[in-house]
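Asks: structure for this input, please:
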Amino acid sequence: MISPVFASILRSGRTEFNTRFAMARRRFPSLSAEAFSLFLETTVDFLVESVAATAPDRVADAVFSAYDAALELVGQNLAGSGSQYRFIEEGWQKIIPASAGLIAKSPERVIPAISNALFNLGTMPGVKPSKWADDLACISAQCADVETFLQVGQVLAWRAGLAHYRRSALTVLDSLPEKLALSAMGLNAAASWTDIRRRLEQDPWFDPASDKSLTARGIRIAARVGAFRGFGGLFVEPPLVACAGDDYLVKSGNDCWLLHADIYGATLHRVEASEFDKAAAQTGRLSGVRFNETTIIRENMSLDLAFLGSFSSAALNTHSLALTSPLTHAVTLIALT
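Replies: Residues are numbered from 1 along each chain as shown. Just a heads-up that it's a prediction; the model follows:
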């Protein structure tokens with residue numbers, strides 16, 4: 001059963017809601033009335049009650065926005081019974097109670113933004129939509145307005161694993177009040193954003209929320225990215241790497257990706273194979289790093305990587321060394337800072 005306030009709005013706007021459902025049905029022929037009704041009852045009603053408790057005069061606007069979002073989600077089988085994207089409904093249920101006041105201010109903007117973010121996070125390998133939802137629910141009360149809420153959501157998406165958001169997230173953090181910037185990074189107010197920002201700029205493998213990261217230095221395996229396509233990965237054969245500024249290009253077979261990676265995660269984005277060939281031709285000498293069979297040597301530090309066997313390619317940027325091997329479909333990233 002849905003709540004009385006939701007039922008009242010649905011009754012009073014029955015003609016308009018039925019028209020919207022019929023239009024959605026033409027776009028999404030598989031849209032099930034039963035699945036849609038169940039989603040309204042189990043998830044949208046939760047939103048309506050949360051907004052009603054916070055801003056009763058804004059409930060009707062929230063209902064129309066939530067109804068349209070629900071049609072999109074259920075119509076595309078992104079939510080509702082039978083959907084494989086349960087994290088979207090779970091994310092709604094975590095975020096909505098904490099951000100009801102902000103939803104009430106601009107439901108037509110906030111509701112789709114939450115849904116889109118959850119979908120994008122949940123469909124990227126290795127990214128954690130549940131962490132994003134938990135963190136955003138915790139920090140939403142500190143957001144003075146919708147714009148700030150959405151900006152913080154972008155920062156938290158970076159911390160949940162979207163490594164390609166790193167540069168834009170740092171720019172957003174610089175624009176936020178220091179206390180809020182620290183909260184968005186999972187830090188308490190006693191920390192100094194200036195100091196944290198400097199470390200983040202210098203080292204993509206620096207984790208400001210970890211005490212160990214404050215002292216960790218030297219050569220170490222920071223991440224292993226990628227897998228064989230037959231096991232759910234992207235690579236049809238062991239990949240090769242080349243530098244692309246602070247990022248890397250990865251080639252496997254005839255396919256190529258731009259690899260972004262840091263302490264929070266790694267993302268791969270398809271690019272033209274010609275980009276790899278151009279970068280590989282410009283990749284220079286690995287200055288400051290030596291190889292002794294399966295051991296990497298940098299200054300007075302060394303790291304044995306015998307499990308990789310021989311190296312098929314290597315690419316070095318300011319902070320990291322990327323290695324590939326004929327024995328694995330993963331790219332091994334070595335932190336050098």
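Asks: show me what the biggest helix by length in the chain is packed up against.
Replies: Using DSSP state H to define each element, the chain has its longest helix at helix 86-105. Here helix 86-105 touches helix 45-54, helix 59-75, helix 107-122, helix 129-139, helix 146-159, going by 3 or more Cβ pairs under 8 Å, 6 or more residues apart in numbering; DSSP states H and E. All C-beta atoms are positioned from the backbone trio N, CA, C, and that covers glycine.
Asks: in the stretch 201-337 of the chain, where is pLDDT below threshold?
Replies: 211-217, 283-285 (pLDDT under 70).
Asks: kindly recompute the last result at 80.
Replies: The stretch 201-337 of the chain contains residues with pLDDT under 80 at 211-218, 282-288, 290, 292-293, 337.
Asks: can you give me the strands in it?
Replies: 220-225, 240-244, 247-252, 255-262, 265-271, 290-292, 295-298, 301-304, 313-316, 320-324, 331-335 (DSSP state E, counting those that start in this stretch).
Asks: closest to residue 139 out of these?
Replies: strand 265-271 (19.2 Å; Cβ to Cβ).
Asks: ok, now which ones touch residue 157?
Replies: 117, 120, 121, 132, 165, 169 (Cβ atoms under 8 Å, 6 or more residues apart in numbering).
Asks: can you do 10 Å?
Replies: By Cβ atoms under 10 Å, 6 or more residues apart in numbering, the contact list for residue 157 reads 117-118, 120-121, 124, 127-129, 131-132, 135-136, 165, 168-169, 264.
Asks: likewise for residue 25?
Replies: Residue 25 touches 31, 32, 33, 36, 71, 75, counting by Cβ under 10 Å, 6+ apart.
Asks: most neighbours among those residues, which one is it?
Replies: residue 36 (24 neighbours; other Cβ atoms under 10 Å).
Asks: so it sits right up against residue 74, yeah?
Replies: Yes. Residue 36 lies in contact with residue 74 (Cβ atoms under 10 Å); the separation is 4.8 Å.
Asks: now do the shared contacts for these two.
Replies: Residues touching both residue 36 and residue 74 (Cβ under 10 Å, 6+ apart): 24, 28, 80, 81.
Asks: nearest spatial neighbour of the second one, skipping sequence neighbours?
Replies: The spatial neighbour of residue 28 that comes closest, neighbours along the chain excluded (Cβ to Cβ, 6 or more residues apart in numbering), is residue 75 at 3.2 Å.
Asks: any idea how far that neighbour is from residue 112?
Replies: 14 Å (Cβ to Cβ, to the nearest Å).
Asks: now do residue 151
Replies: In terms of Cβ to Cβ, residue 151 sits 16 Å off from residue 112.
Asks: which of the shared contacts of residue 36 and residue 74 fall within strands?
Replies: Assigned to strands by DSSP state E, none of the shared contacts of residue 36 and residue 74 qualify.
Asks: turn those residues into JSON lines, columns for neighbour count and pLDDT.
Replies: Below are the shared contacts of residue 36 and residue 74 laid out as JSON lines (neighbours: other Cβ atoms under 10 Å; pLDDT from 0 to 100):
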{"residue": "24", "neighbour count": "18", "pLDDT": "97"}
{"residue": "28", "neighbour count": "16", "pLDDT": "95"}
{"residue": "80", "neighbour count": "25", "pLDDT": "85"}
{"residue": "81", "neighbour count": "13", "pLDDT": "80"}
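Asks: just the closest of those to residue 277, please.
Replies: residue 28 (41.8 Å).
Asks: residues in contact with the closest one?
Replies: For residue 28, the contacting residues are 36, 71, 72, 74, 75, 76, 77, by Cβ under 10 Å, 6+ apart.
Asks: ok, residue 335 next?
Replies: Contacts of residue 335 (Cβ under 10 Å, 6+ apart): 203-206, 216-223, 262-263, 303, 319-321.
Asks: TSV for the strands of the stretch 201-337 of the chain, including distance to residue 55?
Replies: Formatted as TSV, these follow (distance: least, Cβ to Cβ, whole Å):
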stretch	distance to residue 55
strand 220-225	44
strand 240-244	47
strand 247-252	43
strand 255-262	38
strand 265-271	36
strand 290-292	63
strand 295-298	58
strand 301-304	56
strand 313-316	53
strand 320-324	48
strand 331-335	47
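Asks: please identify the helix or strand for residue 179.
Replies: helix 178-184 (DSSP states H and E).
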